[in-house]
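A.B. asks: I would like the atomic coordinates for the input below:
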Amino acid sequence: MQIIPLTIIYTGVGILAAAGVFAEFSRWRQRRQRRASQAIARPHAQPTLELQGGSLHIKVAEPTVQAPTPPPQLMSDDLILAFHIMPTDGGHFMGYDLLQVLLSTGLQYGEQGIFNCFDQGEVLFSLAQVTKPGTFDINKMGAVVCKGLTLFMHVTKDTVHPQDTYELMLGVARQLAFSLEGELYNQRRDPLTQVDIKTAREQLRNYTCAPALDAGSPEVTSKYASI
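C.D. replies: Prediction:
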């Protein structure tokens, strides 16, 4: 599974209204295809918190250089599943406290300005802010005032063990809600119920992928630009 831009999540599952964002998704896929021909890709540096002179500071370590993975094909009917973690009583998730909790779950800061869960270099699922543009500026994390978080996974015909990934994402969502003293919601922003979880599991079991379309094809560009 590859990293997908936030705009497809906001529109594709009805999380946030973002007109025309899927056109940008197709353009992003084409850029990834061009970069895939390069010999080396540099992953994003990972932040850590350090105590210096009585204050917390973010230290960004130099990443390890690794070979790129080929960009995925865009499916005509991909499946996206998501959770929201929202503060209670209209509050916020704040700066360094939020970062520390995110890192404690094993999430890593990625090239799209969001956090990802990796398995052997592949993105299993990602985390963004619920408000546009959804990204985090890691160099200004101390000033972040976050109104909520969105965890999401992108399922295609090539996704390996999507049911296991969903269960892992659900566990991380519950851990975040507990650690941040927030509330867990489904992708419609209703309180998450066992019915929601059962429905998602059934979706994954019944999911069948349609024939793959090239990410730059007119069919794909037209489809996503029109949503």
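A.B. asks: most residues in a single helix of the protein, which one?
C.D. replies: helix 162-179 (DSSP state H).
A.B. asks: Residue 151 touches residue 129, doesn't it?
C.D. replies: No - with contact defined as C-beta atoms under 8 Å, residue 151 does not reach residue 129; the gap is 11.4 Å. For glycine as for every other residue, the C-beta is placed from the backbone atoms N, C-alpha and C.
A.B. asks: Comparing these two, which residue is more hemmed in?
C.D. replies: residue 151 (25 against 21; other C-beta atoms under 10 Å).
A.B. asks: phi, psi of the closest residue to the more buried one other than its chain neighbours?
C.D. replies: Leaving aside its sequence neighbours, residue 151 sits nearest to residue 83 (C-beta to C-beta, 6 or more residues apart in numbering; 4.7 Å). Dihedral pair for residue 83: phi -130, psi 160, per degrees, to the nearest 10.
A.B. asks: Could you do residue 142 as well?
C.D. replies: The phi/psi pair for residue 142 (degrees, to the nearest 10) is phi -60, psi -20.
A.B. asks: That one: neighbouring residues, count only.
C.D. replies: With other C-beta under 10 Å as criterion, residue 142 counts 15.
A.B. asks: you'd agree it is up against residue 97?
C.D. replies: No - counting by C-beta under 8 Å, residue 142 stays clear of residue 97, with 9.9 Å between them.
A.B. asks: about what we covered before: return every residue with contacts to both of residue 151 and residue 129.
C.D. replies: Taking C-beta atoms under 8 Å, 6 or more residues apart in numbering as the contact rule, residue 151 and residue 129 touch no residue in common.
A.B. asks: hey, where'd the helices end up in this structure?
C.D. replies: Going by DSSP H, the chain shows helices at 6-12, 21-36, 95-104, 162-179, 194-206, 218-225.
A.B. asks: Now do the buried residues in the third one.
C.D. replies: Going back to what we said before, that points to helix 95-104. 95-96, 98-99, 101-103 (16 or more other C-beta atoms under 10 Å).
A.B. asks: dump the residue contacts of the residue nearest to residue 151.
C.D. replies: Here residue 83 is in contact with 150-152, 169-170, 173, 184-187, 192 (C-beta under 8 Å, 6+ apart).
A.B. asks: quick one, what contacts residue 148?
C.D. replies: Per C-beta under 8 Å, 6+ apart, neighbours of residue 148: 84-87, 93, 129-131, 182.
A.B. asks: can you rerun that using 10 Å?
C.D. replies: 84-87, 91-93, 128-131, 180, 182-183, 185, 189 (C-beta atoms under 10 Å, 6 or more residues apart in numbering).
A.B. asks: and these, which are buried?
C.D. replies: 84-87, 93, 128-130, 180, 182, 185, 189.
A.B. asks: now, which of those residues lie within strands?
C.D. replies: Residues of the buried ones among the contacts of residue 148 located in strands (DSSP state E): 84-87, 93, 128-129, 182, 185.
A.B. asks: Reformat those residues as JSON lines; add distance to residue 137.
C.D. replies: Putting those into JSON lines (distance: C-beta to C-beta, whole Å) gives the following:
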{"residue": "84", "distance to residue 137": "21"}
{"residue": "85", "distance to residue 137": "20"}
{"residue": "86", "distance to residue 137": "21"}
{"residue": "87", "distance to residue 137": "20"}
{"residue": "93", "distance to residue 137": "15"}
{"residue": "128", "distance to residue 137": "13"}
{"residue": "129", "distance to residue 137": "11"}
{"residue": "182", "distance to residue 137": "21"}
{"residue": "185", "distance to residue 137": "25"}
